[in-house]
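In: I'd like to go over a predicted model; first the sequence, then the structure.
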Amino acid sequence: MADTAELERRLAVALERIETALDTPPAEPAEDTGALTEAQEQRDAALEAAEKALAEADDALSEVESLKHALEAEATAAAQLRERVQGLKELKDAQAERIVELEAEARMTAEARAADRAELDALIAALEPLVKEARHA
């Protein structure tokens, strides 16, 4: 941006020189050809400076356009990444819910197993005296 401001300033100075050269009344050719030559040289120098400033301004504008395109590409990439992150967060939340469901199912299975074990222990305890009695008979 500082380069663009500098180019604008230089262009304005060059245009001012051109305007000054054009506003200067023409010298009488017979009387002062040196002044005319000097004015022409100033005009030529001002035109050359203006052309150079315009070329530099064009280069700066090209660079600005290039940077705008790069910024747009980065903005698109950032939007895509945000979408991916959102998708991953949703997947993570779904997986967390599934983990909670599986843990609850595992708890219920463990409780059912413990209940079955207690029932089997009670049956074994009830059958044990009968088995001992059958062995002694």
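Out: Here it is on my side, so go on. Numbers count the residues shown, from 1 in each chain.
In: can you show me the helices along this protein?
Out: Using DSSP state H, the helices assigned to the chain run over residues 2-23, 33-136.
In: reformat these as JSON lines; add mean pLDDT.
Out: Output for those, formatted as JSON lines (pLDDT from 0 to 100):
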{"stretch": "helix 2-23", "mean pLDDT": "77"}
{"stretch": "helix 33-136", "mean pLDDT": "93"}
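In: other residues contacting stretch 10-22?
Out: 39, 42-43, 45-47, 49-50, 53-54, 56-57 (C-beta atoms under 8 Å, 6 or more residues apart in numbering). In this view, the C-beta of every residue, glycine as well, is placed from N, C-alpha and C.
In: with just CA atoms, put that stretch into CSV.
Out: Extracted in CSV, the C-alpha atoms of stretch 10-22 (Å, rounded to 0.1, in the frame of the first residue of the first chain):
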residue,chain,number,x,y,z
ARG,A,10,5.1,10.5,-8.2
LEU,A,11,2.5,10.4,-10.8
ALA,A,12,0.9,13.5,-9.4
VAL,A,13,4.3,15.3,-9.4
ALA,A,14,4.9,14.3,-13.0
LEU,A,15,1.5,15.4,-14.1
GLU,A,16,2.1,18.8,-12.4
ARG,A,17,5.3,19.2,-14.3
ILE,A,18,3.5,18.5,-17.5
GLU,A,19,0.8,21.0,-16.6
THR,A,20,3.4,23.6,-15.7
ALA,A,21,5.2,23.0,-19.0
LEU,A,22,1.9,23.3,-21.0
